[in-house]
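sequence and predicted structure below; questions after.
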Amino acid sequence: MDTHELYGLPLDRFTPERDALAKQLRGEGRREEAARVAELRKPSVAAWAVNQLVRTQRRELEVLFDAGDALRRSQSELVAGRGQSGALREASERVRAALDRLLGKARGLLNSEGRELTGTMLERVSETLHAAALDDDARAQVQDGCLHQELRHVGLGAEGLVAGPARPGGAPKRESKQDAAAERDRAERLKAAKRAEGEARRAAERAERLLQDAEQRRNRAAQALEQAEAKVRKARERAEEAAREHQRARREPERS
């Protein structure tokens, strides 16, 4: 067994198998490797779930990454003044749909293994996958299926749009009016991109709520129809029984 295989194991087997591998390596005189293995951290539940998705749902994961790349392109184009908010909303919906499919796979995977994720854990899985879709560093951490801690994305995800500490040395000071105007224009486009992304997310949430409401109404209607049909069957049975009683009553004088 190697370290990559460790992260594909059921979660409760990680620690004993890691310790066994470190002991084996020490026995073979490979002490530096043994020390590195012994320091490997057991994955959190959410990170473990992401690792399983990486190993079993490669096609769905590529769909998510493609959608994330499309979203980043749409954001960059919108900020640069070449894109449209409609394209951004469409790309955002593709990312959301891909995430939903992967979360459905996560539920099935964990249930089949006898482990159920709480809503909080599913949210952390979703945040990690979302980060991998929109950020190259996060994607690199996720892709090998050896993640030990869930990730969280900050910002829109396009290059230059992620909130974080300034780079060493900083950017050159902007002094010209043209640069200041360009910066203001960029800030306005960034705000527009954020608004568009928020609108797309809210629209998707509203659509999901409407779908749930429609399904509930459909279920209630189906239940009401079933109850009505049961009442009709009982009424028909009573009518048929009454008709038979009537016939027997009419024949009774004739037998007398």
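Yes, it's here.

average model confidence for stretch 138-147?
Over the span of stretch 138-147, the pLDDT mean works out to 94.

list of residues touching it?
Here stretch 138-147 makes contact (Cβ atoms under 8 Å, 6 or more residues apart in numbering) with 3-4, 6-8, 43, 47, 50-52, 54-55, 65, 128-129, 131-133, 151, 153. Yep, even glycine has a C-beta here, placed from its N, CA and C like the rest.

what does stretch 8-21 give?
For stretch 8-21, using Cβ under 8 Å, 6+ apart, the contacting residues are 1-3, 6-7, 37-38, 40, 42-43, 45, 48, 51-52, 55, 113, 115, 145.

and with 7 Å instead?
1, 6, 37, 40, 42-43, 45, 48, 51, 55, 113, 145 (Cβ atoms under 7 Å, 6 or more residues apart in numbering).

do the same with stretch 38-45
Contacts of stretch 38-45 (Cβ under 7 Å, 6+ apart): 3, 6-7, 11, 14-15, 18, 22, 51, 121, 147-150.

which of the residues you listed are buried?
6-7, 11, 14, 18, 22, 51, 121, 147, 150 (16 or more other Cβ atoms under 10 Å).

return the member of these nearest to Arg218.
Taking Cβ to Cβ as the measure, Met121 is the one of those closest to Arg218, at 30.2 Å.

hmm, that closest one is touching Ala46, no?
Yes - using Cβ atoms under 7 Å, Met121 is in contact with Ala46, at 5.2 Å.

mark which of the contacts of stretch 8-21 are buried, thanks.
6, 37, 40, 43, 45, 48, 51, 145.

could the contacts of stretch 8-21 go into a markdown table alongside secondary structure?
A markdown table is the format used below for the contacts of stretch 8-21 (DSSP: H, G, I helix; E, B strand; the rest coil):
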| residue | secondary structure |
| --- | --- |
| Met1 | coil |
| Leu6 | helix |
| Val37 | helix |
| Leu40 | coil |
| Lys42 | coil |
| Pro43 | coil |
| Val45 | helix |
| Trp48 | helix |
| Asn51 | helix |
| Arg55 | helix |
| Glu113 | coil |
| Gly145 | coil |
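
ok, which pair from those residues is furthest apart?
Largest pairwise distance in those, by Cβ to Cβ, is 24.2 Å, between Val37 and Glu113.
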